[in-house]
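**Q** show me the folded form of this:
(one chain, ligands or ions: 2)
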Amino acid sequence: MKILAFSSSSAAAPPPLSDVRNPFPPFQNNRHRLYFNPSEFLPDPTRPTDDFIDEVRILRGRTTGLPDDYFVVLVGDMIIEEALPTYQSTINACDAIRDETGASPSPWAAWLRSWTAEEYRHGDVLRSYLYLSGRVDMSMIEKTIHNLIGAGMDLGWNNNPYLMYVYASFQERATFVSHGNTARLAKEGGDPILASICGTIAADEKRHEHAYVRIVEKLLEVDPNETMLAIGLRGNLGFLDWTVEAGEARGAKRRWETRTRIRVLSTG
Ligand SMILES: [Fe+2]
Ligand SMILES: [Fe+2]
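**A** Residues are numbered from 1 along each chain as shown. Ligands and ions are numbered 1, 2, ... in the order given. Modelled structure (predicted):
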């Protein structure tokens, strides 16, 4: 993929966080706990064995009204979330915003770690739920995730933080739409708990989108040329699903066909 030439300032540091008025309210306000715990949605393993097994049986019963196609899509969503180590290292490859020590106190580094911690829960809860449902081939899923993370990815940001922020804005929007639609379909299919899981994840993605969009808005103020170039290039950057396709081999085509058929990754 060819990236248009940026000026020599393309890898320049974005404006300091103090210039971007409170872009990360979810992570700066500890008065309200905004993250969820995956265990809140799952059978409680500390209960007596029979009770726990009953909860699992009820969970499996709830999923019987959902078609296989639904699970093909949900597996796709879960795999995308599970490749989180790749995204953290990809974002950290931008020199201007990187976490140089792994525990840097810089606002950008703190954001990246908090974002990663929150995203981690998305794959975690979906993976656990899918495992307990018995509706999917966990062995194939685990191989796919292993291959996907091992392959890594290069989205063509070319050490340009403007591209990263613009890309992240659209990607968060895409995951919000996708998780929101799987929530709706789970509710229609008779699984309100799975609907709640997907809806909760979608709400996280919406907050992430909000934060990245505010950053891009600020970049438009301070450096409109570079920011507009980055926005113009967004269509050339591809989305994570296409990267997943490389890792999934045969499975991906069916997933895309399924996505189209049941309209998960669209607002229609
Ligand atoms: Fe996510
Ligand atoms: Fe997100």
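
**Q** from now on I want contacts and neighbour counts done on CA atoms only, so please keep to that.
**A** Will do.

**Q** packing partners for whichever strand or helix holds Leu229?
**A** Leu229 is located in helix 224-232, with elements delineated by DSSP states H and E. Counting contacts by 3 or more C-alpha pairs under 8 Å, 6 or more residues apart in numbering; DSSP states H and E, helix 224-232 is packed against helix 161-188, helix 192-222.

**Q** in CSV: these, plus mean pLDDT and mean neighbour count.
**A** Shown next, in CSV, are those (pLDDT from 0 to 100; neighbours: other C-alpha atoms under 10 Å):
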stretch, mean pLDDT, mean neighbour count
helix 161-188, 93, 22
helix 192-222, 93, 21
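
**Q** export those to CSV and tack on distance to Thr90?
**A** Formatted as CSV, the helices and strands packed on helix 224-232 follow (distance: least, C-alpha to C-alpha, whole Å):
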stretch, distance to Thr90
helix 161-188, 9
helix 192-222, 16
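
**Q** now the helices for this structure?
**A** Assigned by DSSP state H, the chain shows helices spanning 25-28, 49-62, 68-82, 84-91, 107-133, 138-151, 161-188, 192-222, 224-232, 240-248, 250-262.

**Q** distance of Leu148 from Glu82?
**A** 9 Å (C-alpha to C-alpha, to the nearest Å).

**Q** ok, Phe170 next?
**A** From Phe170 to Glu82 the distance is 19 Å (C-alpha to C-alpha).

**Q** tally of neighbours for the residue lying closest to Pro45 once chain neighbours are set aside?
**A** The shortest distance from Pro45 to any non-neighbouring residue, by C-alpha to C-alpha, 6 or more residues apart in numbering, is to Phe52 (5.8 Å). By other C-alpha atoms under 10 Å, the residues close to Phe52 number 16.

**Q** cool, and the one 4 residues further on?
**A** Under the neighbour criterion other C-alpha under 10 Å, Val56 is assigned a count of 19.

**Q** that one contacts Tyr131, correct?
**A** No. Using C-alpha atoms under 8 Å, Val56 is not in contact with Tyr131; the gap is 10.5 Å.

**Q** now do the same contact list for the residue nearest to Pro45.
**A** The neighbours of Phe52, taking C-alpha atoms under 8 Å, 6 or more residues apart in numbering as the test, are Pro43, Asp44, Pro45, Thr46.

**Q** picking that back up, looking at the helices and strands packed on helix 224-232, which is nearest to Arg113?
**A** Closest approach to Arg113 among the helices and strands packed on helix 224-232 is made by helix 192-222 (13.1 Å; C-alpha to C-alpha).

**Q** so the closest one versus helix 224-232, what angle?
**A** Orientation of helix 192-222 against helix 224-232 (axes from the mean of the first three to the mean of the last three C-alpha atoms, to 10 degrees) gives an angle of 150 degrees.

**Q** residue contacts, His208?
**A** With C-alpha under 8 Å, 6+ apart, His208 has these contacts: Trp115, Ser169, Glu172.

**Q** is it true that the second one touches Glu217?
**A** Spelled out, it's Ser169. No. Ser169 is beyond contact range of Glu217, at 10.7 Å (criterion: C-alpha under 8 Å).

**Q** about what we covered before: Throw the helices of the chain into JSON lines and include distance to Arg98, thanks.
**A** Shown next, in JSON lines, are the helices of the chain (distance: least, C-alpha to C-alpha, whole Å):
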{"stretch": "helix 25-28", "distance to Arg98": "18"}
{"stretch": "helix 49-62", "distance to Arg98": "42"}
{"stretch": "helix 68-82", "distance to Arg98": "21"}
{"stretch": "helix 84-91", "distance to Arg98": "7"}
{"stretch": "helix 107-133", "distance to Arg98": "6"}
{"stretch": "helix 138-151", "distance to Arg98": "20"}
{"stretch": "helix 161-188", "distance to Arg98": "10"}
{"stretch": "helix 192-222", "distance to Arg98": "16"}
{"stretch": "helix 224-232", "distance to Arg98": "19"}
{"stretch": "helix 240-248", "distance to Arg98": "21"}
{"stretch": "helix 250-262", "distance to Arg98": "32"}
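
**Q** these: which one's closest to Ser39?
**A** helix 107-133 (7.5 Å).

**Q** look up how far Gly189 lies from Thr46.
**A** Distance from Thr46 to Gly189, counting by C-alpha to C-alpha: 29 Å.

**Q** I am finished for the moment; much appreciated.
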